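next input, structure requested:
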Amino acid sequence: MRVEKAKNIEGNAFFSKLRVRMLILVGFILFPVLLLIVFAGWQQTVFSRNEVQQEAMLLAQLTALNHSQVITNGRELLLALSQLTEVNSGDSLRCSLLFNRLREQQSYYTNIFMVDAQGDTVCTGLAGSENLNIAHTVWFQRAMREG
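Model prediction:
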């Protein structure tokens, strides 16, 4: 019986050595594959991050360009309005009608209005804002200071 047990122990030791060798061999085969998977995932993350940064920069540039165009268009509108008799005549009704038509045509303006040096509304393109006084606003005070 002792001889049979010894043979079983040797057999088990042999199989356990074979199993260990097979596991090591499988590990050597799978390690590079797993390494490639991890590297590809990391590379995709870096690529995605760079792509998002580039898209954000492009969006910021387009927004700045659009903002610049809105400011330029606003200046041109103000220059054109300053030349019109409806604005310079002092006739609030004619001026308000003109501003209302312009506000409807230029959808990105919520209102077009003119105030006097005290900040009181002279004419407006939006009904209900006739009695508006803007003298307390920072931007009006700045415009009055800087001319």
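
low-scoring stretches of the protein, by residue?
1-16 (pLDDT under 70).

tell me where it has strands.
113-115, 121-124 (DSSP state E).

highest average neighbour count across those?
Burial of those is given as mean neighbour count (mean count of other C-beta atoms under 10 Å); strand 121-124 ranks first at a mean of 19. The C-beta positions use only the backbone N, C-alpha and C, and glycine is treated the same way.

chain center to that strand, what's the gap?
Counting by C-alpha atoms, centre = their mean, to the nearest Å, strand 121-124 is centred 35 Å from the centre of its parent chain.

before we move on, what about stretch 81-96?
Centroid separation for stretch 81-96 versus its chain: 39 Å, with C-alpha atoms, centre = their mean.

contacts for it?
The set of residues external to stretch 81-96 that reach it, using C-beta atoms under 8 Å, 6 or more residues apart in numbering, is 97, 98, 102, 112, 114, 122, 123, 124, 125, 130.

before we move on, the earlier item: what's the closest of the strands of the chain to residue 59?
Smallest distance to residue 59 across the strands of the chain (C-beta to C-beta): 32.2 Å, for strand 113-115.

partner strands of that closest one and their direction?
strand 121-124 (antiparallel) (DSSP bridges).

hey, C-alpha coordinates of the partner strand in PDB?
Once non-C-alpha atoms are left out, strand 121-124 reads as follows in PDB (Å, rounded to 0.1, in the frame of the first residue of the first chain):
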ATOM      1  CA  THR A 121     -37.100 106.200 -22.700                       C
ATOM      2  CA  VAL A 122     -37.700 108.400 -25.700                       C
ATOM      3  CA  CYS A 123     -38.900 105.700 -28.100                       C
ATOM      4  CA  THR A 124     -39.000 101.900 -28.000                       C
END
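
would you turn the strands of the chain into a markdown table with distance to residue 42?
Shown next, in a markdown table, are these (distance: least, C-beta to C-beta, whole Å):
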| stretch | distance to residue 42 |
| --- | --- |
| strand 113-115 | 57 |
| strand 121-124 | 59 |
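
and of these, who's closest to residue 29?
strand 113-115 (77.3 Å).

any idea how far the closest one is from the chain center?
Per C-alpha atoms, centre = their mean, the centroid offset for strand 113-115 relative to its chain is 33 Å.

can you list contacts of that strand?
87, 95, 99, 121-126, 129, 132-134, 140.

if anything else comes up later, I'll come back, but that's it for now.
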